[in-house]
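Student: Mind folding the following:
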Amino acid sequence: MTELTQGTWVLVADGQKALFLRNEMDAQDPMLEVIRIEEQDNPADREQATDKPGRMNDTGVQQRSALAETDFHKLAKEQFADELAEILYKQAHKGRFERLVIVAPPVVLGELRAKLHKEVAARVVAELDKTLTNHPIDKIEAIVKGELESA
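Tutor: This is a model prediction of the structure:
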């Protein structure tokens, strides 16, 4: 069982928003305090793309194939994971946290996991595959505490 001890950081993220929280109390009565909020303006891909997919000439006579269009929305989410990983690395390097709980949807969790520096990855004590970025802090506290106790 992983506990939400005093000083543990909780990163609650999705592809566009991240809350950096710190537990100011103990595992029995967590009190998460917001220490940083990161948001990315990432509209739907249809709003970011300006052209229709490209075409390419094939080797046959008058044959053309469509090319897949770049998914700008997905690229922005990946860049956001890079930014979060960099923030966590800088904070870990400064000694701001010893323990980290990451709460994110599965895709974002996977992106983050792949981008975390070894120094940060060694401090991760739990990962929860949930989307909680739009929940009030007291609900996040209750959900994280409950998930960690049942793990």
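Student: From here on, just use CA atoms for contacts and neighbour counts.
Tutor: Fine.
Student: which other helices and strands contact whichever helix in the chain runs longest?
Tutor: When the chain is parsed with DSSP state H, its longest helix is helix 72-93. Helices and strands touching helix 72-93, by 3 or more C-alpha pairs under 8 Å, 6 or more residues apart in numbering; DSSP states H and E, are helix 45-48, helix 106-115, helix 118-121.
Student: can you tell which of the ones you listed is closest to E33?
Tutor: helix 118-121 (20.3 Å; C-alpha to C-alpha).
Student: Averaged pLDDT, that closest one. What do you get?
Tutor: Averaged over helix 118-121, pLDDT sits at 96.
Student: Could you report the neighbour count for V12?
Tutor: 25 (other C-alpha atoms under 10 Å).
Student: Would it be right to say that it lies in a helix?
Tutor: No. Assigned with DSSP: H, G, I helix; E, B strand; the rest coil, V12 falls outside any helix and is strand.
Student: I'd say it and P105 touch.
Tutor: No. Look at V12 against P105 with C-alpha atoms under 8 Å: they stay out of range, at 9.5 Å.
Student: Which residues are in contact with each of these two?
Tutor: T131 (C-alpha atoms under 8 Å, 6 or more residues apart in numbering).
Student: Tell me which of the helices and strands packed on helix 72-93 lies nearest to L4.
Tutor: The nearest among the helices and strands packed on helix 72-93, by C-alpha to C-alpha, is helix 118-121 at 17.0 Å.
Student: other SSEs contacting that closest one?
Tutor: Going by 3+ C-alpha pairs under 8 Å, 6+ apart, helix 118-121 lies up against helix 72-93.
Student: Show me what whatever helix or strand comes next after the helix it packs on is packed up against.
Tutor: Next helix or strand after helix 72-93 toward the C-terminus (DSSP states H and E): strand 100-103. Using 3+ C-alpha pairs under 8 Å, 6+ apart, the elements in contact with strand 100-103 are strand 9-13, strand 124-128.
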